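Visitor: Provide a 3D model corresponding to the input given below.
(2 chains)
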Amino acid sequence: MKTLRGRPAATGIFNSGRVLGLLLFAAAALCPLFLNEFKVGLIGLGLTYGLFAVGLDLAWGRTGIVSIGQAVFFGLGTYGVAIALVRHGSAPVGGAIGVALAGLLGAFTAAVGLRRATNPSTMAVLTLAITLLAEKIARDWWSVTGGSSGLYVPPLTSTYSYYYLCFATAVGVVALLWLTVLNRPLGNRLTAIRLNERRAEHLGIPIFRERIIAFALSAIVSAVAGAFSAPWMSSVSPDRVGIVLSTQVLVWVAVGGRATLLGPFVGAVVLTYGQDALASSMGNSYLLLLGVLFILAVLLVPNGIAGLFFAGRELADTTPRVEAAVPRPTAAADALVATDIVKRFSGNLAVDKANLRVRAREIVCLIGPNGAGKTTLLNILSGAIECDAGAVSLSGTPIDTMPPHHRVAAGLARTFQIPSLFPGLTVAEHFILARQEAGTVTPLPEIYARLERNHGDQRVELLSLSDRRSLEIAMALCSQPVVLLLDEPAAGLARHEADALATTLRALRDQTGCAIVCVEHDMEIVRNLADRVVCLHHGKVISEGTMAEVSANPEVRRAYLGLA
Amino acid sequence: MSSWVQILLDFIWASSGLALVAFSLGLILGELRIVNIAQGDLMMVGAYSMYAMRGLPFLIALPLTFVVGFVLGLVLERGVLRWVYDKGFMTTLLATWGVGIILQQGVATVFTVSQKGIDPPLKGLIEIGDVVYPEYRIAAAAGIIALLTILLLVLYRTALGLRLRASIDNVEMAAVLGISPQRMFAMVFALATALAVLAGALIAPTIAINPTLGLSFLAPAFFAVLISKPGSLGGPVLGAVAVEFTFTLLQAYLNITVAESILFGLLAIFIVLKPQGITWSWITAREEAS
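Guide: Okay, the predicted model is just below:
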């Protein structure tokens, strides 16, 4: 896969990441030739810690999942090998069992803590609790773990050959991760989830599943690192699964640099080596220094040491090679049907038995005074919130029980009232994500194609509001939707932009054949855009028809003007 | 019979301490929207503060420790947290994590890592039936319960409490009404810190004091907050009672580590069933009434 062109100028001080990476690689490969056995052992341990940090980075740096108990997974690998060695069993088998358990525990934790409705603090509490608990279990279950004193691991016969085994493993695991996850659509999805969960979901990414996969992988990588670290220690004790090690790995990743391949290794090796060099003279103040360093890194250098050297390529170019020729065929006469939708917010009836029928290729505008339930209805249609009662079907298929990403696959796409994009990514990268999820490259109407041509390498924060709205619509179009849901596409636009919008959207409908449901307050646009107007009031549809019919309806006038 | 009295007294003592920590944690989560991982370490600071002032009479050292906590809270809020409010949930969480490390290692540097202990001010024992229980624990539990009652009354029955609850509910709207978020954040964090420090100070005479003592209180306190609705102030207190009740029951029959594992399993099941936590309905009713 080719690297992405057209990124903005490098943000790092030196754009010399590759040279630095090669130099460090060579240094790690050659250091046994220059250093004594003890120091090689220290760097070997640092390398396995680095791999451990890569595991944490997969969850934290790439996907944005907090894990403050990562040592549990590391420790499962370490104890697996140590228990096998003590009982004269096979170390690889013991390690493999530990790694498998870590993967299961990781998947289980993520499945509990990362569900849709859970608070973001849940995952932090769960991972913290697991590491505290694991340390206690390791201390108490002395028949297996050897209790507080731990398990004695036989010394290595050859430090040098084991060093190269660890080196090869670290390089191998990282290469494998790069080839199967990071440089693949999955890696892009993880980045998308980290940057904007809601947008990712409404692009069609199954966020719950991908996060479980990411966290399980992160646990597995950490456990592999743990398994290889066991022979470097003279004894494996409960602190291998505990809170202090969980803390240290956070520091390594924060200082080394998140979401980079080199950063975790740099952080781990530098700080492991530094700990040995300084801990004897500084004692506890070394750990104090570490704490200060961590806070400073989090506050001032969010991208860590590696961030100073790398321009930071966020996405792999995964644009599909398949060109979509024809618009998605829509056989059904009714594109979208919503029946008797009810939604309450703690006793407040937001949508009250609303019905909506959108024919294929039809443009329906939803109007109504503030608080009429328009956006709530749109959120129910797109799956962002669940309704209390009612049914929704798309081209005849019921979709009301589907999560948002399945609705996208079924042909429903949406935009948000405040454009919801991926902060830090360029326009071109947004198209990569949208096309990756669509699986095809759809020809876009000229106005959107021009946005990609002219602003491709611009970060979305620098776009004007109208360009950001256009980008959101363009991304939605990539999935060849049957129905496009727009939430106030004209809000905040200048008069001339708003006037052009109706023409653009009608042309878009003619070209792509998708139906449009549009919440809009600007009656001028509604007049020019809508085939049919639906007016909501107190969550009920009070009138529908042409603009002239609806605006003549006395009930609509009462709702808007409060006339008796 | 006698063992049940013993279990009941232990439960009252343990749940009152936990309730105070959980309350302070819930206060910070509600107002500042921050998961303060350093909360356990703030308790540890309270214990060490009492140790440092062991020469003074207990009832003088205790308010001084409260003041130490309040000042520490102000320093942390002004010095660290206010720089991270707008940087998202993760950064705030990691920043408090860093604060925790610094507190632990700072204390370890000043006092060394060896265990310390202080004498309780009341050394007597109370006989209830055939159970003999330390006077201090009963007095301290009564003190905490009284303090929590006063705090909840202030929050739900006074203008100051109303301002705070308004700010928790919607900080922007409250700001428009003249409730300064900066001042509210600083005051709430300082108060919550002082309460956690106070909890640590009260528990100090009954435990071995070491720099990592806070960690063992952290998980149950978070459980208590997690099972109640976000933003609820009374919720974490009831949550603490529920968590401690379950734990005491499990512990009566099982080894402590097994009991903790089961507690964790129960929490996981609870989160799956009720991801938004419980709305303790009588509290909501009171909130709406006042």
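Visitor: which helices and strands sit right next to the top helix by length along chain B?
Guide: Determined from DSSP state H, the single longest helix within chain B is helix B:2-32. When contacts are defined as 3 or more Cβ pairs under 8 Å, 6 or more residues apart in numbering or on different chains; DSSP states H and E, helix B:2-32 sits against helix B:39-52, strand B:131-134, helix B:135-157, helix B:159-169, helix B:181-203, helix B:215-226, helix B:235-253. Backbone N, C-alpha and C define where each C-beta goes, glycine included.
Visitor: who wins for proximity to chain A among those?
Guide: Chain A lies closest to helix B:215-226 among the helices and strands packed on helix B:2-32, at 4.2 Å (Cβ to the nearest Cβ).
Visitor: Give me the contact status of that closest one with chain A.
Guide: Yes - for helix B:215-226, a contact with chain A is found by Cβ under 8 Å from any Cβ of the partner chain, at B:215-216, B:218-219, B:222-223, B:225-226.
Visitor: can you redo those residues as a markdown table with pLDDT and neighbour count?
Guide: Output for the residues of helix B:215-226 next to chain A, formatted as a markdown table (pLDDT from 0 to 100; neighbours: other Cβ atoms under 10 Å in any protein chain shown):
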| residue | pLDDT | neighbour count |
| --- | --- | --- |
| B:L215 | 84 | 22 |
| B:S216 | 84 | 14 |
| B:L218 | 87 | 24 |
| B:A219 | 86 | 23 |
| B:F222 | 89 | 30 |
| B:F223 | 89 | 28 |
| B:V225 | 89 | 31 |
| B:L226 | 86 | 30 |
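Visitor: Which of those residues lies at the shortest distance from B:G234?
Guide: B:G234 has its nearest neighbour among those in B:V225, at 11.9 Å by Cβ to Cβ.
Visitor: I'd like the distance between the residue nearest the centre of chain A and chain B.
Guide: Geometric centre of chain A, nearest residue: A:I193, 1.8 Å, by Cα atoms, centre = their mean. Noted for A:I193: a distance of 13 Å to chain B, by Cβ to the nearest Cβ, to the nearest Å.
Visitor: Name the nearest residue to that residue, ignoring sequence neighbours.
Guide: Counting by Cβ to Cβ, 6 or more residues apart in numbering or on different chains, the nearest residue to A:I193 once its immediate chain neighbours are dropped is A:A200, at 4.8 Å.
Visitor: Touching, the one you found and A:L190? I think so.
Guide: No - counting by Cβ atoms under 8 Å, A:A200 stays clear of A:L190, with 9.3 Å between them.
Visitor: ok, is stretch B:102-119 in contact with chain A or not?
Guide: Yes - remark: stretch B:102-119 sits within contact range of chain A at B:102, B:104-106, B:108-109, B:113, by Cβ under 8 Å from any Cβ.
Visitor: Restricted to buried residues, select those in ChimeraX.
Guide: A single ChimeraX command selects the buried members of these (16 or more other Cβ atoms under 10 Å in any protein chain shown):
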select /B:102,104,105,106,108,109
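Visitor: Max pairwise distance over the residues of stretch B:102-119 next to chain A: which two?
Guide: For the residues of stretch B:102-119 next to chain A, the farthest-apart pair by Cβ to Cβ is B:I102 and B:V113; their separation is 15.4 Å.
Visitor: I'd like to know how many residues surround the residue lying closest to B:S167 once chain neighbours are set aside.
Guide: Leaving aside its sequence neighbours, B:S167 sits nearest to B:A174 (Cβ to Cβ, 6+ apart; 4.2 Å). Using other Cβ atoms under 10 Å in any protein chain shown, the number of residues around B:A174 comes to 19.
Visitor: any idea of the pLDDT on B:A174?
Guide: We have a pLDDT of 85 for B:A174.
Visitor: Within the helices and strands, which one has it?
Guide: Secondary structure assignment for B:A174, by DSSP states H and E: helix B:171-176.
Visitor: and for that helix, what are the contacting residues?
Guide: With Cβ atoms under 8 Å, 6 or more residues apart in numbering or on different chains as the test, helix B:171-176 has contacts from B:31, B:163, B:166-167, B:181, B:184.
Visitor: mind listing what's buried in it?
Guide: Buried residues in helix B:171-176, defined by neighbour count with 16+ other Cβ under 10 Å: B:171, B:174.
Visitor: cool, stretch B:255-266 as well?
Guide: For stretch B:255-266, by 16+ other Cβ under 10 Å, it's B:257, B:259-261, B:263-264, B:266.
Visitor: Which ones among those map onto strands?
Guide: The members of the buried residues of stretch B:255-266 all map outside strands under DSSP state E.
Visitor: quick one: which of those residues sit in helices?
Guide: Per DSSP H, the subset of the buried residues of stretch B:255-266 in helices is B:257, B:259-261, B:263-264, B:266.
Visitor: and the residue nearest to the centre of chain A, what does it touch?
Guide: Shown in contact with A:I193 (Cβ under 8 Å, 6+ apart): A:63-64, A:200, A:205, A:207, A:210-211.
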